[in-house]
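Enquirer: kindly generate the corresponding structure for this input.
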Amino acid sequence: MLHIKNISLTLGKMPILKGISFDASAGELCVIMGANGAGKSTLLKVIAGEYPTYRGDVMIAGQALRNIPIARQATTRAVLSQHVTLNQAFSVQDVAAMGRYVYSRNLESLDKEIVKSALQIMQVYDLKDRAYPTLSGGQKQRVQLARVLAQLLEAPGLQELDYTGKKMLLLDEPVTGMDILHEQLALQLATKLTAAGVLVVAVLHDFQLAAAFAHRIILLKEGTLYTQGTVDDVFTSAHIKNSFGVEVSILSHPQCNYPLVVTAATTGLFQSPARKALNVF
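Expert: Modelled structure (predicted):
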């Protein structure tokens, strides 16, 4: 569904992205990772149409991004940016309903049902009358996820829907500020969307969340594609050391069907003074 070929981008005089190519299929959770400054968010913004001065090709469902009208982009692709600032005292329900404005500002009964469903899925329906600025950071993030979910859905809920080749969701650090329960909720939502045929492309920093949920990993380094593939292909000690500059061990656990990435501090190669004093391993 998504074809990226030789994408390069210069901002000012600084080359940010350099010849990146990869494909991502409908029904796939594709996770972009890399150290700070590797170009993750910039690449996502290129796919979102925010940086039209890129060189190379971005193809969505066989059509060049540059040739897709903005209105149609808005009904086929939803974007959760890394930083969303909203200080006006809109209610939580009003913020989620903004996801339906790409269809019409006059919300019909179906739109309202979709908004209600999105709020319920993200477990913030009980906050629907709260003023958005009064929420915690994690609550705000869940409301924003409800907004982009409302933008994607064509009917309430996630059952018996087929969006294969029709819908794409871009998430830039979607679990920022969330507790562990709601991190799981957000990534489980992504999994349910992929089961309905949605292509989800997400920037994540957490190795364990990526390992548990991703179908494909795109690993960037200094604006280039360092490597890509399955979790097992990409999450090796050598790849992580070369791209992040940190020593890790890749472990297995009988109750996990994905690798565990642990740092030297966790494996005992380095211990803090407190751990040494307590002899905790």
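Enquirer: which parts of this structure are strands?
Expert: Ranges of strands in the chain, per DSSP state E, are 2-11, 14-24, 29-34, 55-60, 63-64, 77-80, 168-172, 199-203, 216-221, 224-229, 248-251, 260-263.
Enquirer: wait, which of those strands is closest to G138?
Expert: Smallest distance to G138 across those (CB to CB): 13.9 Å, for strand 77-80. C-beta: built from backbone N, CA, C; applies to glycine.
Enquirer: run the chain-centre distance for the closest one.
Expert: 9 Å (CA atoms, centre = their mean, to the nearest Å).
Enquirer: and for stretch 83-98?
Expert: For stretch 83-98 - counting by CA atoms, centre = their mean - the centre lies 20 Å from the chain centre.
Enquirer: who's in contact with G157?
Expert: Taking CB atoms under 8 Å, 6 or more residues apart in numbering, we find G157 in contact with S117, I121.
Enquirer: which intervals of the protein have sub-threshold pLDDT?
Expert: 264-281 (pLDDT under 70).
Enquirer: can you list the domains in it?
Expert: 2-246, 247-281 (automatic domain parsing).
Enquirer: out of the strands of the chain, which comes closest to E108?
Expert: Closest approach to E108 among these is made by strand 77-80 (19.2 Å; CB to CB).
Enquirer: so what does that closest one touch, helix or strand wise?
Expert: With contacts taken as 3 or more CB pairs under 8 Å, 6 or more residues apart in numbering; DSSP states H and E, strand 77-80 sits against helix 137-152, strand 168-172.
Enquirer: quick one: contacts for R130?
Expert: Contacts of R130 (CB under 8 Å, 6+ apart): S91, V92.
Enquirer: state the distance from it to L161.
Expert: 29 Å (CB to CB, to the nearest Å).
Enquirer: ok, now T176?
Expert: If you go by CB to CB, the gap between T176 and L161 works out to 27 Å.
Enquirer: between the two, which one's more packed in?
Expert: L161 (20 against 16; other CB atoms under 10 Å).
Enquirer: ok, and the closest non-adjacent residue to that one?
Expert: Spatially, and ignoring its direct neighbours in sequence, L161 is nearest to A196 (4.7 Å; CB to CB, 6 or more residues apart in numbering).
Enquirer: rewinding a little: among the helices and strands packed on strand 77-80, which is nearest E113?
Expert: E113 lies closest to helix 137-152 among these, at 10.1 Å (CB to CB).
Enquirer: what residues sit buried inside that closest one?
Expert: For helix 137-152, the neighbour count (16 or more other CB atoms under 10 Å) marks 138-152 as buried.
Enquirer: same question for stretch 68-84.
Expert: Judged by neighbour count (16+ other CB under 10 Å), stretch 68-84 contains these buried residues: I68, Q73, A74, T76, R77, A78, V79, L80, S81.
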